[in-house]
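Engineer: Give me a model of this one.
(one chain, ligands or ions: 1)
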Amino acid sequence: MIGKKKAKILVFDSGFGGLSVLLALFRTIPAADYIYLADDARFPYGELDEQELTQGLERLLKEACRTHQPDLIVIACNSASTIALPTLRSALDLPVVGIVPGIKPAALASQSGHISVLATPGTMKRSLTHELVREFAGDCQVNLVACPRLAEMAERFVLEGAWDSTELGREVGAAFVEDGGIKTDVVVLGCTHYPLIQSALDRVTPWPVLWIDPAPAVARRVMLLLGQEWQDCVANRQAAHGDLSASFGGSIRFLSTGEGASRLTTAWARLRPDFVNH
Ligand code: DGL
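Structural biologist: Down below sits the predicted model:
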């Protein structure tokens, strides 16, 4: 347990995607000091060689820990978590929380027994993704749909509000299967970028589905790791103020390995215009 009143949390992704996790964290634990680091110099991660990805992550995050001394790291990237979590946990001397496709909650929620998973080509190749399907969705028809361009589309959507319904439909269309009148009813957003473009996805789906975004579960896990003292403090504030993030805040710093720090600040301002200067 860390048990501090004000934790320092490093949130990491290849690009903007981790902002969907930062939103969930910020709603749950707004008074923490956040450092958001994007490895935009190597974005997108979806097609990177696994060994190169893991070694690069270890180097980068060791350095980030030395410089920023966080209490906890959130790897807000499925493409990275599904391959590098064990390596990162043994290389870094602090709690490391990852995110993996929400196949278990999807299988539990599905009424039709037909679920689809949208993720990067990298995440689709990982043995962990296939283990999750075997372990938690054995009684479902699981349709894995690799999306080579959806993360980039999501970044553009956040920054410019722009999206092309034909391209988007082409990217995710295979997730919607109708088989003898039985339809896919649950779709896993298996990349942290995808919740950021969910409102556009809603407009191109042939029928409504339940989208599964594991970010709130990740935020709850982080809160557990931060310890009871912190949870009590948050619960008291929540009782007093309702929406926590509207009533008190910590700080957020955006860093990138490329030239994207100001794009991240702009993206965050679009997602949380009320919390730009905290
Ligand atoms: N946001 C990342 C994920 O959750 C990946 C995007 C990418 O770099 O391809 O998988």
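Engineer: what does the stretch 101-250 of the chain have sitting close to the ligand?
Structural biologist: Residues of the stretch 101-250 of the chain found near the ligand (C-beta under 6 Å from any ligand atom) are 120, 123, 151, 191, 192, 193. The way it works is simple: take the backbone N, C-alpha and C, and place the C-beta from them, glycine included.
Engineer: pretty sure the fourth one is touching residue 17, no?
Structural biologist: Yes. Contact status for residue 191 versus residue 17: in contact at 6.2 Å, counting by C-beta atoms under 8 Å.
Engineer: returning to that earlier point: could you dump the residues of the stretch 101-250 of the chain next to the ligand into TSV and include secondary structure and pLDDT?
Structural biologist: Below are those laid out as TSV (DSSP: H, G, I helix; E, B strand; the rest coil; pLDDT from 0 to 100):
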residue	secondary structure	pLDDT
120	coil	97
123	helix	97
151	helix	97
191	coil	98
192	coil	98
193	coil	98
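Engineer: Tell me the most packed of these, by neighbour count.
Structural biologist: Among those, the one with the most neighbours (other C-beta atoms under 10 Å) is residue 192, at 33 neighbours.
Engineer: Return the nearest residue of the stretch 1-150 of the chain with respect to the ligand.
Structural biologist: Closest to the ligand within the stretch 1-150 of the chain is residue 17: 2.8 Å, counting by C-beta to the nearest ligand atom.
Engineer: need the contact list for that residue.
Structural biologist: 76, 77, 151, 154, 191, 192, 193, 194, 196 (C-beta atoms under 8 Å, 6 or more residues apart in numbering).
Engineer: change it to 10 Å
Structural biologist: For residue 17, the contact set (C-beta atoms under 10 Å, 6 or more residues apart in numbering) comprises 38, 43-45, 76-79, 99, 120, 151, 154-155, 158, 191-196.
Engineer: At which residues are the helices of this protein located?
Structural biologist: With helices called from DSSP state H, the chain shows them at 18-28, 50-68, 78-91, 103-109, 121-125, 127-136, 150-160, 165-172, 198-204, 215-226, 228-241, 244-247, 261-271.
Engineer: looking at those, which is buried most?
Structural biologist: Counting by mean count of other C-beta atoms under 10 Å, helix 18-28 has the highest mean neighbour count of the helices of the chain, with a mean of 25.
Engineer: Figure out how far it is from the centre of its chain.
Structural biologist: 8 Å (C-alpha atoms, centre = their mean, to the nearest Å).
Engineer: Give the rounded mean pLDDT of that helix.
Structural biologist: Helix 18-28 shows a mean pLDDT of 96.
Engineer: shouldn't residue 81 be in contact with residue 119?
Structural biologist: No. Between residue 81 and residue 119 there is no contact under C-beta atoms under 10 Å: 11.3 Å.
Engineer: Find residues that contact each of the two.
Structural biologist: 100, 101, 126.
Engineer: Any chance of a markdown table for these, columns neighbour count?
Structural biologist: Formatted as a markdown table, those follow (neighbours: other C-beta atoms under 10 Å):
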| residue | neighbour count |
| --- | --- |
| 100 | 22 |
| 101 | 27 |
| 126 | 20 |
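Engineer: Which one of those residues is nearest to residue 261?
Structural biologist: The closest of those to residue 261 turns out to be residue 100 (C-beta to C-beta; 27.3 Å).
Engineer: Verify the contact between the closest one and residue 85 for me.
Structural biologist: Yes. Using C-beta under 10 Å, residue 100 makes contact with residue 85 at a distance of 8.4 Å.
Engineer: Spell out which residues are contacts of both of these two.
Structural biologist: Shared contacts of residue 100 and residue 85 (C-beta under 10 Å, 6+ apart): 75, 128.
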